[in-house]
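> Structural data only, the sequence is not supplied:
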């Protein structure tokens with residue numbers, strides 16, 4: 001590539017020199033044969049030649065190296081893309097083969113899923129039954145407590161009503177001794193009730 005670039009530059013340089021030598025006789029025929037315009041033209045072409053030489057010698061190798069590196073990077077990327085393509089095609093082929101051979105495997109997976117679902121359903125039913133049993137036990141306990149409390153309140157109310165009736169009807173019929181004996185009996189019943197003996 002470096003030789004091709006150099007040949008292009010040389011061809012351009014010789015074309016410019018040829019152009020300069022062809023123009024010089026035309027200027028001479030015109031009658032304007034002063035040395036200054038020719039000198040300026042020659043200096044311009046010499047400067048142009050120096051610039052071309054500088055570009056060829058200094059910038060050319062840098063540009064060539066840059067393009068070579070770019071070419072290497074692009075080739076590396078193309079190679080990696082081809083490798084990725086091959087890997088993807090291999091995976092696609094494997095997936096296709098696996099899909100074709102997956103009929104019995106899918107049936108096995110389906111059977112396992114159904115078994116797991118049945119087991120989980122039975123576990124949920126068992127948990128619900130256990131929860132219901134516990135709730136019924138707690139409800140029975142609460143009902144029994146309410147019955148006991150109601151019975152106790154009823155007994156207290158009956159005792160209070162009996163005492164009140166006795167106090168209203170019996171004062172004329174009960175002697176002081178009977179009164180004392182009834183109070184002792186009431187206190188005994190009340191204390192027995194407090195410690196939980198009486199129901």
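Nice, thanks for sending it over. Just so we're clear, the structure is a prediction, and the values are computed from it rather than from any experiment.

> buried stuff in stretch 38-55?
Within stretch 38-55, the residues that count as buried by 16 or more other CB atoms under 10 Å are residue 38. C-beta: built from backbone N, CA, C; applies to glycine.

> Tell me the buried residues in stretch 131-147?
Result for stretch 131-147 [16+ other CB under 10 Å]: no buried residues.

> hmm, I was thinking of stretch 67-77
Per 16+ other CB under 10 Å, stretch 67-77 contains no buried residues.

> Quick one: mean pLDDT over it.
On average, the pLDDT along stretch 67-77 is 85.

> just stretch 129-146 next, same as before
84.

> Quick one: neighbours of residue 152, just the number.
14 (other CB atoms under 10 Å).

> which stretch of helix or strand covers it?
helix 103-169 (DSSP states H and E).

> tell me what that helix is packed against?
helix 176-194 (3 or more CB pairs under 8 Å, 6 or more residues apart in numbering; DSSP states H and E).

> Show me what the helix it packs on is packed against.
Helices and strands touching helix 176-194, as assessed by 3+ CB pairs under 8 Å, 6+ apart, comprise helix 103-169.

> Relative to the whole chain's centre, how far out is the helix it packs on?
43 Å (CA atoms, centre = their mean, to the nearest Å).

> What of stretch 44-58?
On the basis of CA atoms, centre = their mean, stretch 44-58 is displaced by 62 Å from the centre of the chain it belongs to.

> average pLDDT across it?
Mean predicted confidence for stretch 44-58 is 82.

> What residue spans form the domains of the chain?
As assigned by automatic domain parsing, the chain contains the domains 2-101, 120-194.

> got the angle for the helix holding residue 152 vs helix 176-194?
170 degrees (axes from the mean of the first three to the mean of the last three CA atoms, to 10 degrees).

> returning to that earlier point: any chance of the domains of the chain in JSON lines, with distance to residue 108 too?
Converted to JSON lines, those look like this (distance: least, CB to CB, whole Å):
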{"stretch": "domain 2-101", "distance to residue 108": "12"}
{"stretch": "domain 120-194", "distance to residue 108": "19"}
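
> which element is residue 69 on?
helix 60-100.

> For that helix, enumerate the helices and strands it packs against.
helix 2-30.

> next SSE after the helix it packs on?
helix 35-54.

> just checking, what packs against that following helix?
Counting contacts by 3+ CB pairs under 8 Å, 6+ apart, helix 35-54 packs against helix 2-30.
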